[in-house]
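>>> Okay, predicted coordinates and the sequence, questions at the end:
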Amino acid sequence: MGLQEDASFSDLSDVVSAASTPGQIADHIMASIAAGALPEGTRLPAERDLADALAVSRSSVRAALSTLERAGFVVRRRGRGGGTFISRVEAGRVDVYADRLTEFRRTRRDLLDARAIVQNRVAAAAADRRSDGAVVELRSRAIDYESARTAAEARTADARLHYAIAQAADNPHLVEIVQELDRKINAGFRHDPFSPSLFARACDDHTAIVDAIAAGRADDAGRLCEAHFRGTTMGGP
């Protein structure tokens, strides 16, 4: 599975505040580059698509990308096959933004921790409240993930599976909580760490989680789901 895929963006909004939208978008992309989540050559979503995903104006997105271009983090190519691509960035150039990136990473790690905890309880609730139809949907979503052929497809399939788990918990407020955390973490496009080994682990994790939910093993489902998020997005065991 290729790792140099287009950055995939979610259809979730409410990510950034209007007062500092361009700066927040730029900081998010910059931190993602520094963390290696957006490697050299990755093509970012088109301005219109990213603006729609974030529910902000195209001018805000354009201003953020212009800031990143001036700083040398992205390059814009015109014509067929054009777009905005992540540049080759030397480690020393990122150090200039160390304070901003440190704060961003701290906030992001707190959000990832919160998501892992919440997903534990959501999966447990899904196991307690599952319906036959929900189990069929979960198995279908897990197969979709295993069938993904690119990093972008895998990230999208993963999001759909975990959204289906939240729906299986049969509480719309839990779904809202899961979505809100997703908005804050992804800021319009998905860029969780990805590699063939992580993909293989996620396939095994998904099977185990869905099996636990289907069997009504709430404690196991919660534990497995939390371990899945910590292991695939936070570098945990």
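Received the coordinates, thanks. Keep in mind that this is a model prediction, so the values were computed, not measured.

>>> Every contact and neighbour count from this point should use C-alpha atoms.
Will do.

>>> Show me what the longest helix along the chain is packed up against.
Identified as the longest helix of the chain according to DSSP state H is helix 98-129. Judged by 3 or more Cα pairs under 8 Å, 6 or more residues apart in numbering; DSSP states H and E, the packing partners of helix 98-129 are helix 21-34, helix 151-168, helix 172-186, helix 196-214, helix 218-233.

>>> quick one, the last one and helix 98-129 angle?
For the pair helix 218-233 and helix 98-129, the angle between their directions (axes from the mean of the first three to the mean of the last three Cα atoms, to 10 degrees) equals 150 degrees.

>>> measure stretch 32-41 end to end?
13 Å (Cα to Cα, to the nearest Å).

>>> Pull the distance from the longest helix of the chain to the chain's centre.
11 Å (Cα atoms, centre = their mean, to the nearest Å).

>>> contacts for the next helix or strand after it?
As assigned by DSSP states H and E, the chain's next helix or strand after helix 98-129 is helix 132-146. The list of residues contacting helix 132-146 from outside it, by Cα atoms under 8 Å, 6 or more residues apart in numbering, reads 153-154, 157-158, 160-161, 164-165, 168, 203, 206-207, 210, 213-214.

>>> that older thread, give the buried residues for the longest helix of the chain.
By 16 or more other Cα atoms under 10 Å, the buried positions in helix 98-129 come out as 101, 104-105, 108, 111-113, 115-129.

>>> go on, stretch 131-146?
Under 16+ other Cα under 10 Å, the buried positions of stretch 131-146 are 134-135, 137-139, 141-146.

>>> And the average pLDDT for it is what?
Per-region confidence: stretch 131-146 scores 98 on mean pLDDT.

>>> For that stretch, list the C-alpha coordinates in CSV.
C-alpha atoms of stretch 131-146 as CSV (Å, rounded to 0.1, in the frame of the first residue of the first chain):
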residue,chain,number,x,y,z
SER,A,131,-28.3,-5.3,17.4
ASP,A,132,-28.0,-7.9,14.7
GLY,A,133,-28.1,-5.2,12.1
ALA,A,134,-25.3,-3.3,13.8
VAL,A,135,-23.1,-6.4,13.9
VAL,A,136,-23.6,-7.0,10.2
GLU,A,137,-22.6,-3.3,9.5
LEU,A,138,-19.5,-3.6,11.7
ARG,A,139,-18.3,-6.7,9.9
SER,A,140,-18.9,-5.1,6.6
ARG,A,141,-16.9,-2.0,7.6
ALA,A,142,-14.0,-4.1,8.9
ILE,A,143,-13.9,-5.9,5.5
ASP,A,144,-13.9,-2.5,3.8
TYR,A,145,-10.8,-1.5,5.8
GLU,A,146,-9.0,-4.7,4.9
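
>>> Now do that stretch: distance to the chain's middle.
20 Å.

>>> for stretch 149-166, same thing?
9 Å.

>>> pLDDT (mean, whole number) over that stretch?
Computed over stretch 149-166, the average pLDDT equals 90.

>>> got it, and stretch 101-121?
For stretch 101-121, mean pLDDT is 89.

>>> repeat for stretch 58-76
Per-residue scores along stretch 58-76 average to 90.

>>> residues making contact with that stretch?
Contacts for stretch 58-76 (Cα under 8 Å, 6+ apart): 21-23, 25-26, 30, 47-48, 50-51, 82-89.

>>> rerun that using 6 Å as the cut-off
Contact with stretch 58-76 is made by 22, 26, 51, 83-87, as judged by Cα atoms under 6 Å, 6 or more residues apart in numbering.

>>> In a markdown table, list the helices and strands packed on helix 98-129 along with distance to R62 and mean neighbour count.
Formatted as a markdown table, those follow (distance: least, Cα to Cα, whole Å; neighbours: other Cα atoms under 10 Å):
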| stretch | distance to R62 | mean neighbour count |
| --- | --- | --- |
| helix 21-34 | 8 | 20 |
| helix 151-168 | 23 | 22 |
| helix 172-186 | 19 | 17 |
| helix 196-214 | 33 | 19 |
| helix 218-233 | 29 | 21 |
